[in-house]
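> what follows is a predicted protein model with its sequence.
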Amino acid sequence: MFESLESWSTTEQVYVVFAAIGSAIFLVRLVMMVFGLGGGDDVDGDEGGDHHADSDLDFKLVSFQGVVVFGMMFGYCGLAAARTFHLPPLVSAPVGAAGGALMVFLISKLFRAFGRLQSSGTVDFSDALGKEGSVYLTIPEGESGQVQVEVQGRLRLMSAVSEDQSAIPTEARVLVVGLVSGNVLVVQRI
């Protein structure tokens, strides 16, 4: 069914080596990434080990990952051009290089799209400005209490003080009019 590799041309054998080595490294790194075994680490000049959470899905064009994907697809595309279309090495090699470059580009775009799906988890308290809510824990005169207000599409329980320093009882309706020190809301009774 399959011919032995010895009957293939030297160019075709080179393509097989690129495809096999690239595929093996790619699969090992993929398994390592899935199981959290450091498969996502790349040599990117970061000497201090300062990694950011959003770099987990980073795929850089010029990186170990990029070289592995390029080599793997160079092998597959070059082999397909040589074996299927019987193209000479001077044509099949550029076809392989174009296939490798295209795959690196597409995977880079895919990883960037995945990166945009990540959420920082940071609450932007300024989103509460101008929103109505209700007092959850009484706001004593001159002190803070708690209010329920929608922030970034979710109902949140947040610390709050009265704008005029007066007491506001539980379940009273309030309007968020400001922020104190970034995460304490300033509210007025409505």
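It's in. Being a predicted model, the structure only gives us computed values, none of them experimental.

> CA atoms for contacts and neighbours, from now on please.
Fine.

> for this protein, which spans come out with low pLDDT?
Scanning the chain for pLDDT under 70 picks out 1-2, 38-61, 119-121, 182.

> could you chop it up by domain?
Per automatic domain parsing, the domain ranges recorded for the chain read 5-117, 125-189.

> tell me the secondary structure at the most centrally placed residue in the chain.
Among the residues of the chain, the one closest to the centroid is G115, at 2.3 Å (CA atoms, centre = their mean). Following DSSP: H, G, I helix; E, B strand; the rest coil, G115 is assigned to helix.

> do you know how far it is from G71?
24 Å (CA to CA, to the nearest Å).

> same deal with K131?
As judged by CA to CA, K131 and G71 stand 55 Å apart.

> and these two? Which one has more around it.
For K131 and G71, the more surrounded residue by other CA atoms under 10 Å is G71, and the numbers stand at 25 against 14.

> that one contacts A20, doesn't it?
No: between G71 and A20 there is no contact under CA atoms under 8 Å: 9.3 Å.

> all the helices of the chain, residue numbers only.
10-34, 64-83, 89-117 (DSSP state H).

> which strands or helices does the second one pack on?
Helices and strands in packing contact with helix 64-83 are listed as helix 10-34, helix 89-117; criterion 3 or more CA pairs under 8 Å, 6 or more residues apart in numbering; DSSP states H and E.

> may I have stretch 89-104 as CSV, with CA atoms only?
Taking Å, rounded to 0.1, in the frame of the first residue of the first chain, the C-alpha atoms of stretch 89-104 are listed here in CSV:
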residue,chain,number,x,y,z
PRO,A,89,12.1,21.1,-5.6
LEU,A,90,12.5,24.7,-6.9
VAL,A,91,8.6,25.0,-6.9
SER,A,92,7.6,22.7,-4.1
ALA,A,93,10.0,24.4,-1.6
PRO,A,94,8.4,27.9,-2.0
VAL,A,95,5.0,26.2,-1.8
GLY,A,96,6.0,24.6,1.5
ALA,A,97,7.4,27.9,2.7
ALA,A,98,4.2,29.7,1.8
GLY,A,99,2.1,27.1,3.5
GLY,A,100,4.3,27.3,6.7
ALA,A,101,4.1,31.1,6.7
LEU,A,102,0.4,31.1,6.1
MET,A,103,-0.2,28.7,9.0
VAL,A,104,2.0,30.7,11.4
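
> run the chain-centre distance for stretch 107-121.
For stretch 107-121, the separation from the chain centroid amounts to 3 Å (computed by CA atoms, centre = their mean, to the nearest Å).

> what residues sit buried inside it?
Neighbour counts over stretch 107-121 (16 or more other CA atoms under 10 Å) mark 107-108, 111, 115 as buried.

> closest to V123 out of those residues?
Distance to V123 across those (CA to CA) is lowest for G115, with 18.7 Å.

> any idea how far L30 is from that closest one?
17 Å.

> just C77 next, same as before
For C77, the distance to L30 equals 21 Å [CA to CA].

> for these two, work out which one has more neighbours and name it.
C77 (22 against 15).
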